[in-house]
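**Student:** Sequence first, then the predicted structure, then my questions.
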Amino acid sequence: MGIITVIGSGLMGSAMSIPASDNGHLVRLVGTPLDREIIRSLQEKNVHPTLPCTMPDGISAFQFEDVRKALEGADLVICGVSSFGVDWFAQEALPLLPAGVPVLNVTKGLLGHSDGSLETFPHFFARLRPDLSFAAIGGPCTAYELGDRRQTLVCYCSEDLATAKFARDLLKTPYYHIVPTTDVIGVECSVAMKNAYAMGVSLAIGMSEAENEQQRNVKKVENSLISGAHDGKLHYNPQAALFAQSCIEMRRLVRLLGGNGDLVGGIPGAGDLYVTIFGGRTRRLGTLLGRGLPYSEVKKRLAGVTLEAVSVTTRVAEALRIRAKHKEVSLQKFPLLMHLDALLNQEAPLALDWESFGESGMQE
């Protein structure tokens, strides 16, 4: 039995406490300053306000001012903040971590720099705390389904394979399966970009909805997963084409950054992209854009919703533009991503260039 401290009590951070607790570990769940109501609810009722499952016994909840107590004797620390909380974690939590304790990161995203380089969060944290070992999680895993103990397969990546295996051995269960790898760039780039490209695939859903509404005298088809069209058929072809293009561009980006592009076809790439398309805020964002709404209107409709897809799309597109100026990459290899950036940051009209998609004649 070990002690696992989770900092960040949002959906995924809290969901990670479930396999940890099921394995008999003592779990200490620490809230950020934005999580005060969550921690209060857990302390008083053992109920998480937004994660629809019963939290196991043996999980202790701490407000952040008690984080030092929660870190005492920890065998593993899990960073459970979103990408918008990375700077806070780096400034407020990371300096407090005991020397030598391994850190497992659930946060998805990439940091952009002025020279066009992109940095993963584990590499960023390691620059700040070189005395610690860092690993990260990548793969198709929703907090809700992990909380329900659904069969789940993810990657744990770390430049130190022993760290990834250590975290795996603490957290693997009969329903939570973990593949360790040393390819941090391949995993982290894939899982970050899946948010951008899930928005891209969802454009086709919105396009189908808009077409459906234009057919006034034909019965509207509704489906809770894939929107129907006016002819009563499901429009899979456009979504599949955008899904394939997304994988092509993710593979190109992973290889550009020095990772293994083959991972894009597996758990952290296609796998995570698939599950992200089928629900939540990123799907809704892409659907609204696909219906032809300008992003300024979409923002109003999704006010208060954390849109990680917007930040990663903007950041990576800017990095590619910088690299293109230095003749390091051709933007023609990323037509879908660059159009997504134009939709978000230039209020460009939806105009997918289908002829630019695919791999024919493009050197990898």
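**Tutor:** Ah, there it is.

**Student:** which residues does the residue nearest to G139 when sequence neighbours are not counted bridge with?
**Tutor:** Once flanking residues are discounted, G139 sits nearest to V154: 3.3 Å by C-beta to C-beta, 6 or more residues apart in numbering. No exception for glycine: its C-beta is placed from N, CA and C like everyone else's. V154 forms beta bridges with I178, as assigned by DSSP bridges.

**Student:** ok, now how distant is A93 from C141?
**Tutor:** The gap separating A93 from C141 is 22 Å, by C-beta to C-beta, to the nearest Å.

**Student:** How are the helices of this structure distributed by residue range?
**Tutor:** Listed in chain order, the helices of the chain (DSSP state H) span residues 11-22, 36-45, 67-71, 86-88, 121-128, 143-147, 161-171, 184-214, 237-257, 272-277, 280-290, 295-301, 308-325, 335-345.

**Student:** which residues does the residue nearest to the spatial centre of the chain contact?
**Tutor:** Closest residue to the average C-alpha location of the chain: K108 at 4.3 Å, with C-alpha atoms, centre = their mean. When contacts are counted by C-beta atoms under 8 Å, 6 or more residues apart in numbering, K108 is found next to S83, G138, E188, V191, A192, K194, N195, E308, V312.

**Student:** In contact with G280: list those residues for me.
**Tutor:** T142.

**Student:** now do V254
**Tutor:** Per C-beta under 8 Å, 6+ apart, neighbours of V254: I185, G186, C189, S190, N260, G261, L263, V264, G269.

**Student:** Next, format the contacts of K108 as JSON lines and append distance to E359.
**Tutor:** Converted to JSON lines, the contacts of K108 look like this (distance: C-beta to C-beta, whole Å):
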{"residue": "S83", "distance to E359": "30"}
{"residue": "G138", "distance to E359": "24"}
{"residue": "E188", "distance to E359": "24"}
{"residue": "V191", "distance to E359": "23"}
{"residue": "A192", "distance to E359": "22"}
{"residue": "K194", "distance to E359": "20"}
{"residue": "N195", "distance to E359": "23"}
{"residue": "E308", "distance to E359": "28"}
{"residue": "V312", "distance to E359": "23"}
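
**Student:** Name the nearest of these relative to V201.
**Tutor:** For the contacts of K108, the residue nearest V201 by C-beta to C-beta is K194; the value is 9.9 Å.
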